[in-house]
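Chemist: fold the following for me, if possible:
(chains A and B)
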Amino acid sequence: MNRTVLMWLAVGWVGFLILPWYVIEDGFWGLEWLIDGYPFDSDYGPAWAHWLEGDKAWLAPIPVFLLLPFLTHGRLKTDPFYSKVLIISGLGGLAYLVIQGFSIGISGWESTIMEFLFGPTENRQYGLGYGAILVAAAYLFFLTQGIAARGAINGDVFVVSSIGFIIAIVGAFIFFPVIQILVSALQDNEGAYSLGVFFTKLTDKKIWGLDCLYSTVGCGAAWNSLFLAIIVGASTTALGLVFALVATRSGFKYRRVLRALTILPIITPPFVIGLSIILLFGLSGVVTQFVSEVFGLQATRWVYGLPGIWIAQMLAYTPIAFLVMIGVVEGISPSMEEAAQTLRADRWKTFTTVSLPLMRPGLANAFLIGFIESMADFGNPLVLGGNYDVLSTEIFFAIVGAQNDQGMAAVLAFVLLGFTLTAFYIQRRWLGRKSYTTVTGKGDSGTHALMPNRLRFPVYAVAFSWTGFTIVVYCMILFGGFVNTWGLDHTFTLKHYITAFSVSWGEEGLLWTGAAWDSFWTTISIATVSAPLTAAVGLLTAYILVRQTFAGKDLFEFGTMLSFAIPGTVIGVSYILAFNIPPIELTGTGAILVLCFVFRNMPVGVRAGVAAMSQLDKSLDEASLTLGANSWYTCRKVVLPLLRPAIIAALVYSFVRAMTAISAVIFLVSAEYDMATSYIIGRVENNDYGLAIAYSTVLIFVMLASVLVFQGLVGERKIGRREPEKTDTPAQNQAA
Amino acid sequence: MSIQSKAASVTFENVTKIYGGSVVAVDDVSFVVEAGALVTLLGPSGCGKTTTLRMIAGLEMANKGRVLIGDENVTTLPATDRDVSMVFQSYALFPHMNVGENVAYGLDVSGMAKSESRDRAIEGLKLVGLNGYQERLPSELSGGQQQRVAVARALVLEPQVLLFDEPLSNLDAKLRRQVREEIRDIQRNLGLTAVYVTHDQEEALAVSDRIIVMNNAVIAQEGTPRDLYEEPADIFVADFIGDANLVDAQLLSVSGDRADVQIAELNVSLPHRNLQPGSVNIAVRPESFILSTDTTTTGIAGTVDKCSYLGNHMEYSVTTNIGELFVVASDVVTTIQPKTGVKVTLANHGVTLVANT
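Modeler: Predicted structure coming up:
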């Protein structure tokens, strides 16, 4: 019998016969079930025990699909019977698992039709546990092996299984939750489907109202979000271009330092900039106090609302725009500009007629990214929003506020998702196809033209003042944690750090007495678990996208990159809606946080992997294949070792993002699993800025350190000179 | 212990490969590569030769037809499961492994003990003259050495068929000759079956037992190097292998296996190659024209238009009433100056009737 089939059969049977079928209350890693009434206790029993006890008869067909693959014994892979059996077993098993999972919920039958057909039941189901997960995995891989045996992708089991696996998890953890949002947007508060309620909510004045145009009442959240996103997109793009020009088209000596600044937003929790803005411009902010003293003006709360969010988001997202723009500006072949110059164009003419038009797609790209980021941002509007309601925070208040209206949250999420998906779609369709990149890989020894003077001075002025402002903002973060009460009492103190991070020696040794330790260690461990998973899923997806061709690949790519366009608050709400009830019951666990991070950050891993893998010549894989290695061996021995830089990037980025994320997390944390960011937000809501700032500072330094540690762990890739020497001289050859 | 050969034949039966539903890369191609022979797939870029090679390797799958290695039908077998190894154009040496690890890679995959695979890798490196280079990284070798490592890596597996995908295209001209002779020697000494892809006709003529010329996804002609050069089947082959002047002529009559052909003022006798009397084409190699400044001899009248000195031969461009002729003359001592009137006659080799396609 085929070894892989045998292995998955073993896994499936272990899942059915040995491990508890349903989720265990004491956590995913708890082992109490082993000594506590296993196997006949109804909480811990494996599937057959549930079935034998007679109360869960619907589990009976499950082993049938696990028996079928034994029929392949003695058959060749090329035998049509072999693939047919595996496909029936896999597809049938999966379908049955899904149907029974959704039909029987916490209170018996989920739909009245089933109740009518099979009679009422007293039984209920819990979330799927280890056993069910293993059985589902076995079914899935029977199916993929069956498909591979039919000749898909040259019959490559590893590749087909990887594709199946990615589709399954993306379906379960991205599409399923998002669909749940749509479903609950269509439901009224009693759970009945109603288009009327949906449209009433959708056209609510709180979303689409235009009162701000003619009265002092605020506009709807959708208009606010849209307006904010447009101005943030435009201004970050402009600033990004300015910095990119300074970095590549000026003789400025320290232009390389600019690149270091781009790491800042990655390691800064999103609302920290908002906090710093409050320290500067809030009612008791340094600048506000100074201005009101010097000019005798009344200090106001002007910064709360649009201006504050705008400034904070510009600070946060300009470096991202810079990263996009610098790639584009550098990508313009210098010979294009040199050609224009030899054709008698002066620098200004060259810039306006050649360089700028070639940058156009980059500008559009930077704008759309700024737009999506601003729409999705949650931390800054929460801290600085005032009366300026935006969609992401409204979603939050619809769930946690007094109204607790899940339907309203779903409708708001639906609107927000509409905006970001549209922007995402435009970015992919319109820009994805066009390539203005003019770097060809051929030797292009020219140098970029310097900026014309009439451009240079304004660009310098903007770049230097913005850099100065950024430095001031970060200094505020650093100093804010060391003063007693900001704005009132500026005496130096360590009390915030002591409150948060004190340790003491007790009778049982070291005691983590600080208030922040709990959430700190939770954050570190969740981030540590999710980073390698994110990298693995991302790189596997990248491998499939770059190296394999199959029908529906475009759709596959769109699906895997989709979560980039889904704002964190939407993910948060959708996870609550989808995973609060069986068959997948995860709320309140650490697993839901890990899963959330894996799928939120997956596009980062994919992009890092795609970029790196496109640089690896495909003939390396093919050489390995023709030498008799299968694609799994090739992946491990050839592709992975050469992808180390991409692995570092994916690991670091997903680790750091897991530590700084707030928007989705704030819905998913529980008393047991509190994250640093939601703890800090809680402090901010209590006006405890000192502690919040101190904690944020510590996070920033921890992330900086972890970036360095990761780099050390993964190591450098050892391949000597990158470019193999293409030519050879007879002299060298004789010497050899 | 030494490297053996398990040479097997390769058979294509009506193989078709279509990319993306509409682009026909290989169209109903059939051929046989005998065990122990070196056969070259030759043709311009885009003719389907690399696709054909990759179908032998199992890197592409045929849409129609059958591929056999030895007697085994491997049509749907992926590369991993075929007993075939390949030398890539880019060499595809794994940059993170040293030379020894690269050569031993295929042996390690097949589950051979570490020590044995290392010994055999050294054996393979000896064969290509690179013993002692095991610890080097590929990037520390010259292009020619990398090329030889790639050959050693493919050889140590003792494959049934060894494939070469334009293996010399990244080497400079001088080295190309040397390496191709080395490849040919190894192939002969071990009695390997080899399929070799190139677009360089000189390389193909030099190394092959047989050449399969491909054009537009089909086989234009196959045969020994001499067959192809001396008896090209059509205009394409005549022009692709070596240079050829294509000249209109009249086939007057056929007698036995010869035909009387009239080219302008010249009458010649050529093998008839199953052509019927009437308008025909003949292909004339540049070196098969003989120029004479004695304008009283019988021949095609013409005027030298251009003349270039290339060290070991002269190249002339001659205007005649049957068109512009490209002529190569070995006499570099008495050169004919431009604007000189000449008479052109034909040598008794390198002149062939070709089908008028």
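
Chemist: who are the contact partners of A:L182?
Modeler: Taking CB atoms under 8 Å, 6 or more residues apart in numbering or on different chains, we find A:L182 in contact with A:410, A:414. From N, CA and C alone the C-beta is placed, and that goes for glycine too.

Chemist: the lengthiest helix in chain A vs chain B: in contact?
Modeler: As assigned by DSSP state H, the longest helix anywhere in chain A is helix A:517-547. No: taking CB under 8 Å from any CB of the partner chain as the criterion, helix A:517-547 and chain B are apart, separated by no less than 12.0 Å.

Chemist: what does the stretch 51-200 of chain A put close to chain B?
Modeler: Residues of the stretch 51-200 of chain A lying near chain B (CB under 8 Å from any CB): A:78, A:151, A:154-156.

Chemist: if we use 10 Å, what do you get?
Modeler: Counting by CB under 10 Å from any CB of the partner chain, the stretch 51-200 of chain A comes close to chain B at A:77-78, A:151, A:153-156.

Chemist: what's the PyMOL syntax to select whichever of the residues you listed are buried?
Modeler: Selecting the buried subset of these in PyMOL, with 16 or more other CB atoms under 10 Å in any protein chain shown as the burial test, is done by:
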select buried, chain A and resi 77+153+154+155+156
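
Chemist: next step: the residues of the stretch 51-200 of chain A next to chain B restricted to strands.
Modeler: Assignment to strands by DSSP state E places none of these there.

Chemist: format the residues of the stretch 51-200 of chain A next to chain B as JSON lines; extra columns: pLDDT.
Modeler: Putting these into JSON lines (pLDDT from 0 to 100) gives the following:
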{"residue": "A:K77", "pLDDT": "78"}
{"residue": "A:T78", "pLDDT": "76"}
{"residue": "A:G151", "pLDDT": "75"}
{"residue": "A:I153", "pLDDT": "77"}
{"residue": "A:N154", "pLDDT": "75"}
{"residue": "A:G155", "pLDDT": "75"}
{"residue": "A:D156", "pLDDT": "82"}
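
Chemist: wait, which of the residues of the stretch 51-200 of chain A next to chain B is closest to A:R360?
Modeler: Top of the list for closeness to A:R360, among those and by CB to CB, is A:I153 at 38.2 Å.

Chemist: contacting residues for the closest one?
Modeler: Residues in contact with A:I153 (CB atoms under 10 Å, 6 or more residues apart in numbering or on different chains) are A:147, A:159-160, A:162-163, A:544, A:548-550, A:631, B:61, B:78.

Chemist: pLDDT score for B:A92?
Modeler: Note on B:A92: pLDDT of 88.

Chemist: now swap in B:L107 and tell me
Modeler: Note on B:L107: pLDDT of 90.

Chemist: now it: which helix or strand?
Modeler: Taking DSSP states H and E as the definition, B:L107 sits inside helix B:99-109.

Chemist: do I have it right that A:S624 meets A:V638?
Modeler: Yes: the pair A:S624 / A:V638 is scored as a contact, 5.0 Å apart, by CB atoms under 10 Å.

Chemist: which residues are common contacts for these two?
Modeler: Residues touching both A:S624 and A:V638 by CB under 10 Å, 6+ apart: B:92, B:94, B:105.

Chemist: apart from its neighbours in sequence, what residue is nearest residue 152?
Modeler: The chain I'm using is chain A. Nearest residue to A:A152, sequence neighbours excluded (CB to CB, 6 or more residues apart in numbering or on different chains): A:V160, at 5.6 Å.

Chemist: other chain: chain B
Modeler: B:G124 is the one closest to B:A152 (CB to CB, 6+ apart), at 4.0 Å.

Chemist: report the separation between the one you found and B:I186.
Modeler: Using CB to CB, to the nearest Å, B:G124 is found at 10 Å from B:I186.

Chemist: neighbour count: these two, which is higher?
Modeler: Neighbour comparison, B:G124 and B:I186: the larger count goes to B:G124, with 26 against 19 (by other CB atoms under 10 Å in any protein chain shown).
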